[in-house]
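S.K.: What follows is a predicted structure for the sequence shown.
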Amino acid sequence: MTERVDFYVLKSAATAQRLSFACRLAEKAYLRDWSVLVLAATAADARLLDELLWTFDERSFVPHQLCLDAAADAAAPVCIVVPSSGAAAAHAAGPAPGLLVNLSEQLPADPHRFARIAEIVDADEGRRRSGRERFKAYRELQIPLETHQLDASVDA
């Protein structure tokens, strides 16, 4: 059962800021011993996030796995998938992670599986519009919602 969905609204439309914030959320959850599933919008975004998780903070280490096919190791504390991948379907059948970080523009399959969901919405008009649609869908599912307006000095 989902405790709540947090919408983090960024003032910037920069992909780098959205992915950097996702890294900080994943790190924070990992340090709390939560398993994390990151739902990237595209395979290219997933690869960027994979690289960024190694470098976003020189003092940080977030063990993670880029899971773009069903053969990927789902036991990593942080798994990065894309909605259309075989790995996304494989994760849907396995145990639910404590946190889903949604960077895609679609509602995750079976959102009630996750303890917490973090939706990162930036200033891009298309992503704002799809974020509003997901907000309405979560509300219809009666999942508690919180919105966090973040400034340029965003920190998880």
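M.R.: Structure received.

S.K.: Grab the nearest non-local neighbour of S35.
M.R.: Nearest non-adjacent residue to S35, counting by Cβ to Cβ, 6 or more residues apart in numbering: P97, 3.9 Å away. For the C-beta atoms, the positions are set from N, CA and C on the backbone; glycine is no exception.

S.K.: From R132, how far out is the one you found?
M.R.: Noted for P97: a distance of 25 Å to R132, by Cβ to Cβ, to the nearest Å.

S.K.: re the thing from before, my guess is the residue nearest to S35 contacts L37, does it?
M.R.: Yes. Contact status for P97 versus L37: in contact at 4.4 Å, counting by Cβ atoms under 8 Å.

S.K.: quick one on the thing from earlier: please work out how many residues are found near the residue nearest to S35.
M.R.: The tally of other residues near P97 (other Cβ atoms under 10 Å) stands at 22.

S.K.: So it belongs to a helix, correct?
M.R.: No. Counting by DSSP: H, G, I helix; E, B strand; the rest coil, P97 is not found in a helix; it is coil.
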